[in-house]
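> this one's structure only:
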């Protein structure tokens with residue numbers, strides 16, 4: 001591909017990646033308590049993203065176009081997953097806030113307080129951050145259409161297998177660089193010192209985002225049927 005096409009591709013993808021969404025809030029949620037968890041979460045997110053880009057480059061979006069009912073089903077499944085994650089995370093965050101309110105003795109935030117939140121509020125997400133990152137990213141099947149539309153404007157039909165592979169690798173590297181940088185930022189000592197005490201609140205905000213995205217997807221599907 002010409003240099004101009006590469007610039008357009010990478011800039012467009014980078015702009016889409018940095019826009020806050022469920023992936024971003026997941027890394028934030030993990031980062032305020034553990035750098036390792038945040039980095040694994042970032043790896044999971046980009047693993048899911050690599051699946052979408054590979055599917056788009058391989059032309060699998062044609063299946064979605066040929067089967068109009070497939071995309072709504074995938075969207076509904078993705079919304080259900082996000083909704084479940086939002087409910088579970090919200091319940092854990094509310095429980096952690098209640099525990100904090102009920103404590104009569106204030107402890108050191110950096111040690112006892114943060115470790116208690118890590119046990120009570122993280123739940124499944126802290127134990128399996130890479131899997132949750134993967135599921136969060138895969139819950140948006142519209143990514144397949146986004147990448148297909150993007151590639152149709154930039155990637156020529158006669159592009160070789162090497163070119164298509166290079167596109168997938170390049171986008172994965174760019175996305176991974178962003179999420180790793182964000183994971184390092186949110187897991188830094190300075191960031192944790194300022195926001196560590198608000199970990200349950202951050203968890204609750206992330207859960208609200210997951211639920212809102214799920215509700216929006218469901219509403220879109222309902223309106224499409226009307």
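Thanks, I have the structure now. This one's a predicted model, so the numbers in the text were calculated from it and none came from an experiment.

> host element of residue 59?
Per DSSP states H and E: residue 59 is located in neither a helix nor a strand.

> who are the contact partners of it?
Contacts of residue 59 were listed using C-beta atoms under 8 Å, 6 or more residues apart in numbering, and none were found. From N, CA and C alone the C-beta is placed, and that goes for glycine too.

> tell me the pLDDT of it.
pLDDT for residue 59: 80.

> if I look at it, how far off is residue 138?
19 Å (C-beta to C-beta, to the nearest Å).

> kindly report the same for residue 92.
Counting by C-beta to C-beta - residue 92 and residue 138 are separated by 22 Å.

> and residue 94, how many neighbours does it have?
15 (other C-beta atoms under 10 Å).

> what kind of secondary structure is it in?
Assigned with DSSP: H, G, I helix; E, B strand; the rest coil, residue 94 falls in the helix class.

> where does the prediction get shaky in the chain?
The chain contains residues with pLDDT under 70 at 61, 64-65, 100, 102-127, 196.

> do a quick rundown of the strands in it.
Read by DSSP state E, the chain holds no strands at all.

> residue ranges for the helices of it, please.
3-18, 22-31, 35-57, 61-66, 70-102, 114-121, 124-127, 129-138, 142-154, 161-186, 189-195, 199-225 (DSSP state H).

> I'd like to know which elements the last one is packed against.
Under the contact definition 3 or more C-beta pairs under 8 Å, 6 or more residues apart in numbering; DSSP states H and E, helix 199-225 sits against helix 22-31, helix 70-102, helix 114-121.

> for the residue nearest to residue 8 when sequence neighbours are not counted, give its distance to residue 97.
Residue nearest to residue 8 in three dimensions, not counting chain neighbours: residue 154, with 6.0 Å by C-beta to C-beta, 6 or more residues apart in numbering. Per C-beta to C-beta, residue 154 is found 47 Å from residue 97.

> repeat for residue 180
30 Å.

> just the helices and strands packed on helix 199-225: most buried one?
Highest mean neighbour count among the helices and strands packed on helix 199-225 (mean count of other C-beta atoms under 10 Å): helix 22-31, with a mean of 26.

> now what about it, what contacts it?
37-38, 40-42, 45, 82, 89, 125-126, 129, 132-133, 136-137, 139-140, 179, 182-183, 185-187, 191, 202-203, 205-206, 209-210, 213.

> how big is the angle separating it from helix 161-186?
Counting by axes from the mean of the first three to the mean of the last three C-alpha atoms, to 10 degrees, helix 22-31 lies at 40 degrees to helix 161-186.
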